[in-house]
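> predicted model, plus sequence, below.
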Number of protein chains: 2
Amino acid sequence: MPTLTAAARRERERDSYNAYLAECPSHNLLAQISSKWVTLLLAALSAGPLRYSDLSRAIPSVSQKMLTQSLRTMERDGLVVRTVTAAVPVRVDYELTALGGSLVGLMTQVKDWAESHMDNVYEARREYDSRAAAEPVATLNKRG
Amino acid sequence: MPTLTAAARRERERDSYNAYLAECPSHNLLAQISSKWVTLLLAALSAGPLRYSDLSRAIPSVSQKMLTQSLRTMERDGLVVRTVTAAVPVRVDYELTALGGSLVGLMTQVKDWAESHMDNVYEARREYDSRAAAEPVATLNKRG
DNA sequence: GGTGCCTTCTTTCCGTTGGAGAGTAGCCGC
DNA sequence: GCGGCTACTCTCCAACGGAAAGAAGGCACC
């Protein structure tokens, strides 16, 4: 287990990819993980493997289509493993991989950020909206 | 500056919001920050304020429409401040707020994750695609 | 003094994505 | 053999995203 080597390699790899550029594959990868469904699915799977129906219940807001689609993409990208058990009705379990595990902490923090800073955002929106209503049309108000 | 109080309040707030539910406002907030443009814009602004044209150059992949639209949403949500200077051609600067600053570290890590784990994802995709090509049609293969 | 250029958007067109809800497949119990 | 269960899959339509042209406001050039 070359821990230092792996870290050094990751650093070198980060230098060779640039998510700012559309033609860089890391841009596309960033777009895929920057999805609310990926964030919520990773957070839900952080506690351990779950079945399709478990995930559906854990995340009531996701449609079956998006649930399947997101899980497929995540499986292809190596974030989750899909295990089919040919039981009475077929049973499918989803579990984080090591790669998924390296991302789950980050995405859980993103979800937590959204939940814990909701009130700050509310206040900012209220302020913005009242400011926008006060200014008639002109956008050229310097507010320093 | 009630640091402890603010942290305790954030924790309480996180408990009262649940991003898993579509009707919860934090779900919508998560959807907004889970955008590649928000991630890239925060990362670009982490080093300091930038003008509209600077951002456009820093992130060549973003269209003007999405740049403006994303910045407006981020401004409304209190992540950035927009400062208009009535100069020769009008000059607009964007800068992180304290709230934006509390998110920027996280989102920079997400961007870095995408860049540093690109090769792992590539390998996973190659493996997935070859497996998919090998399996004729049946999805019911238990691979464990 | 009109043409052109600069920045920062705004609008339009249209292809892609996402959500709601119904349909499908395989199997078992009744 | 009919309904019910799980895990999808399909269809329809609305919303989002990208490309490119337009717009406002002002100076500079000739």
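Great, that's in hand.

> residues contacting the most centrally placed residue in chain A?
Centroid check for chain A by C-alpha atoms, centre = their mean gives A:Thr39 as the closest residue, at 2.7 Å. Going by C-beta atoms under 8 Å, 6 or more residues apart in numbering or on different chains, A:Thr39 touches A:Ile33, A:Met107, A:Val110, A:Lys111, B:Leu30, B:Ser34. Bear in mind the C-beta positions are built from the backbone N, C-alpha and C, glycine included.

> ok, now A:Leu40?
A:Ile59, A:Ser61, A:Val62, A:Lys111, B:Ala19, B:Tyr20, B:Leu30.

> next secondary structure element downstream of the worst-scoring helix or strand of chain A on mean pLDDT?
Across the helices and strands of chain A, mean pLDDT, DSSP states H and E gives its lowest value to helix A:3-16, namely a mean of 72. Per DSSP states H and E, the first helix or strand lying C-terminal to helix A:3-16 is helix A:25-33.

> ok, then the element right after that following helix?
helix A:36-45.

> how about the CA coordinates for that next one, as PDB?
Extracted in PDB, the C-alpha atoms of helix A:36-45 (Å, rounded to 0.1, in the frame of the first residue of the first chain):
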ATOM      1  CA  LYS A  36     -27.900  16.900  -6.200                       C
ATOM      2  CA  TRP A  37     -28.800  13.300  -6.800                       C
ATOM      3  CA  VAL A  38     -25.200  12.100  -6.600                       C
ATOM      4  CA  THR A  39     -24.700  14.200  -3.400                       C
ATOM      5  CA  LEU A  40     -27.900  12.800  -1.800                       C
ATOM      6  CA  LEU A  41     -27.200   9.200  -2.900                       C
ATOM      7  CA  LEU A  42     -23.600   9.200  -1.600                       C
ATOM      8  CA  ALA A  43     -24.900  10.700   1.700                       C
ATOM      9  CA  ALA A  44     -27.500   8.000   1.900                       C
ATOM     10  CA  LEU A  45     -25.100   5.200   1.200                       C
END
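
> so what touches the longest helix belonging to chain A?
Across chain A, the helix with the greatest residue count (assigned by DSSP state H) is helix A:98-116. Outside helix A:98-116, the residues within contact range by C-beta under 8 Å, 6+ apart are A:33, A:38-40, A:42-43, A:45-46, A:74, A:77-80, A:96, B:10-11, B:13-14, B:17-19, B:26, B:29-30, B:33-34, B:102-103, B:106-107, B:109-110, B:113, B:117, B:120-121, B:124.

> got the residues of chain A near DNA strand D?
When proximity is defined as C-beta under 7 Å from any atom of the strand, chain A approaches DNA strand D at A:Arg51, A:Tyr52, A:Ser53, A:Gln64, A:Lys65, A:Thr68, A:Leu71, A:Arg82, A:Pro89, A:Val90, A:Arg91, A:Val92.

> which PyMOL command selects the buried ones in the residues you listed?
A single PyMOL command is used to select the members of those judged buried by 16 or more other C-beta atoms under 10 Å in any protein chain shown:
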select buried, chain A and resi 52+71+92
